[in-house]
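> build me a model from this:
(chains A and B)
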Protein chains: 2
Amino acid sequence: MTATILDGRALSNTLREELDQAVAIFKEKHGVTPTIAVVRAGEDPASVSYAGAIQKTFDKRGMGFQLHTLPESASQDEIVALVTRLNADKEVHGIMIQEPLPRGIDEAAVKEALSPDKDVDGVHPVNTGRLAQVAPAGRPPMVGPFFVPATPAGGMEILKRYNVAISGKHAVVVGRSNIVGKPMALLLLRENATVTVCHSRTADLAAVCRTADILCAAVGQAKMIKGDWIKPGAVVIDFGVNFVEGQMCGDVDFDEAVEVAGMITPVPGGTGPMTNMMLALNVLEAARRIMG
Amino acid sequence: MTATILDGRALSNTLREELDQAVAIFKEKHGVTPTIAVVRAGEDPASVSYAGAIQKTFDKRGMGFQLHTLPESASQDEIVALVTRLNADKEVHGIMIQEPLPRGIDEAAVKEALSPDKDVDGVHPVNTGRLAQVAPAGRPPMVGPFFVPATPAGGMEILKRYNVAISGKHAVVVGRSNIVGKPMALLLLRENATVTVCHSRTADLAAVCRTADILCAAVGQAKMIKGDWIKPGAVVIDFGVNFVEGQMCGDVDFDEAVEVAGMITPVPGGTGPMTNMMLALNVLEAARRIMG
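Numbering: from 1, shown residues only, chains lettered A, B, ... in the order given. Okay, here's the model as predicted:
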């Protein structure tokens, strides 16, 4: 058996068309361009490259993009002052603070300086807390509106658009980062999966993975998850972005896994292309909430 | 084999002695009595009884207790105004809002009206979010200080005081409430357990429970978890408080489970007696933070 490919690139094209329509309607209605402000201190190359990709997405969508850079030597107070100013800026609807921040900066305090209403990257504890507290799907949420980090939101969108049944399934999330693993686990729990979170201390990780109906990998180790770790027919969502000899690959050994899984995201072309589109959707949503 | 009984009553006595000493030291140092304010709207009998139990604990510990009641007809604005006043009251260090609130009240908005610094019940999304984001044990937390709901905090304290190894173990939490199941899962994850969260939609719950090294029950169904759902030697933490023919019992069928488990909390006398003590510890901690 060869798995169905969960084509994140094709899906991101669909989302892009939907987004373009929604942005056009929003701009016509409000006379306002949904705008993101990206904050960076220093010139970490991965951050520079990521900001460039975001700019490209936003430019092409007719959405606003601002880059606010501070020097590597910026102080805590300077960074917080910039964030506070952007919180109050009526032309900015979403704010993303790029990590890593310079050494000595209290990242938690910077995140909490963000207005939760503009935290389109879903890093403020209020947004994480609402996601953790939200009632299961199909019931009134019982929490205020919140933002989910773009990468796991993209993974969930793939599952949804491919009509993958989640309720009652066993989902295993490998990795527990605050931007992918933990929010993905909470999102799957909301959709009534039985959810297991694994990590570097997990005993017999292969055996746990083999129990997964839905297996999500977010560890950052190239091809760590082998074909025989996968239950035949399982759905595999690979969030890994690794490079081996200049070639991008995921956390899952795709060539092996594709022969066992029922559905699988390739890398590249799976979860990756979804991320910027989900971020743009969050910015549009933030603008909608702000404009009432 | 018969399981070791995890004696929450004896342990709460130990905690009580430690707390009494710490409260005495705090009062001598600051000339201030650590004080909780309990907010209730209406006269739900379980809430009335719980407030009475808290008052007894706080009176006996030489800690301050205030009860603020509003009528069942209280409006959202009135409840929020009371919470806002207590947030600013220098003589109040911790605030607990009793649920259920009257029909029509937006519970989420009331919770978020709480100052997170006085949220000793750990219900504000900022506190939940920090718990969800906190780094694994042994590393710098990377989040601000937070409060954990008293019931799961008590369960963790039992595991800790009985030297139960958690790291690398498989913990299964049955139930996903915001006051017990989900925070317990996050606490176990912080201690490097591999954590599975189960609930009403879980397929073959018995089989999942059988994979647990540490099994936590928080579903509110009398004796639902049977002896043959338990892996021989597992540690069982029962948060259930149910009544069958006037007799209190847990979510675990204790008589069966005690023959299989390695360690088990009885009901009554397990997690229950820990709860008010953990709440009092949270209030002392809040007072410490407020007094610097």
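> can you give me the buried ones in stretch A:222-230?
A:A222, A:K223, A:M224, A:I225, A:W229, A:I230 (16 or more other CB atoms under 10 Å in any protein chain shown). From N, CA and C alone the C-beta is placed, and that goes for glycine too.
> among those, name the ones in helices.
Among the buried residues of stretch A:222-230, DSSP state H puts none in helices.
> chain B contacts on the stretch 101-250 of chain A?
A:107-109, A:112, A:124-133, A:136, A:142-144, A:167-170, A:176, A:178, A:182, A:186, A:189, A:192, A:194-199, A:201-203, A:208 (CB under 8 Å from any CB of the partner chain).
> low pLDDT regions in chain A?
A:1 (pLDDT under 70).
> what segments of it are strands?
A:4-5, A:35-41, A:64-70, A:94-97, A:170-174, A:194-198, A:214-217, A:235-238, A:242-244, A:247-249, A:263-264 (DSSP state E).
> what's the closest of those to B:G94?
Of all the strands of chain A, strand A:194-198 sits nearest to B:G94, with 30.5 Å by CB to CB.
> partners of that closest one, with directions?
strand A:170-174 (parallel), strand B:194-198 (antiparallel) (DSSP bridges).
> how about those in a markdown table, adding distance to A:L82 and mean neighbour count?
Formatted as a markdown table, the strands paired with strand A:194-198 follow (distance: least, CB to CB, whole Å; neighbours: other CB atoms under 10 Å in any protein chain shown):
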| stretch | distance to A:L82 | mean neighbour count |
| --- | --- | --- |
| strand A:170-174 | 34 | 28 |
| strand B:194-198 | 37 | 28 |
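> just put the ones you listed in JSON lines and tack on distance to A:I79.
Below are the strands paired with strand A:194-198 laid out as JSON lines (distance: least, CB to CB, whole Å):
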{"stretch": "strand A:170-174", "distance to A:I79": "31"}
{"stretch": "strand B:194-198", "distance to A:I79": "34"}
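> who wins for proximity to B:K27 among those strands?
strand B:194-198 (38.8 Å).
> now do that closest one: everything it contacts.
A:189, A:194-199, A:201-203, A:208, B:168-176, B:181-182, B:185, B:188-189, B:205, B:208-209, B:211-212 (CB atoms under 8 Å, 6 or more residues apart in numbering or on different chains).
> now do stretch A:254-270
In contact with stretch A:254-270 (CB under 8 Å, 6+ apart) are residues A:1-9, A:155, A:158, A:162, A:164, A:223, A:225-228, A:230-238, A:240-241, A:248-250, A:252, A:271.
> for the residue lying closest to A:A222 once chain neighbours are set aside, give me its contacts.
Nearest residue to A:A222 in three dimensions, chain neighbours excluded: A:N242, at 3.8 Å (CB to CB, 6 or more residues apart in numbering or on different chains). By CB under 8 Å, 6+ apart, the residues touching A:N242 are A:G220, A:Q221, A:A222, A:K223, A:M248, A:C249, A:G250, A:D251.
> can you check A:G138 too?
Counting by CB under 8 Å, 6+ apart, A:G138 has no contacts.
> how near is it to A:E191?
Distance of A:G138 to A:E191, computed by CB to CB, to the nearest Å: 9 Å.
> so what sits against both of the two?
By CB under 8 Å, 6+ apart, no residue touches both A:G138 and A:E191.
> first-to-last residue distance for stretch A:154-170?
19 Å (CA to CA, to the nearest Å).
> for stretch A:256-267, same thing?
Per CA to CA, the first residue of stretch A:256-267 is 13 Å away from its last.
> what comes up buried for it?
Result for stretch A:256-267 [16+ other CB under 10 Å]: buried residues A:E256, A:A257, A:V258, A:V260, A:A261, A:G262, A:M263, A:I264, A:T265, A:P266, A:V267.
> nearest residue to the third one other than its sequence neighbours?
In other words, A:V258. Nearest one to A:V258, counting by CB to CB, 6+ apart, is A:A3 at 4.9 Å.
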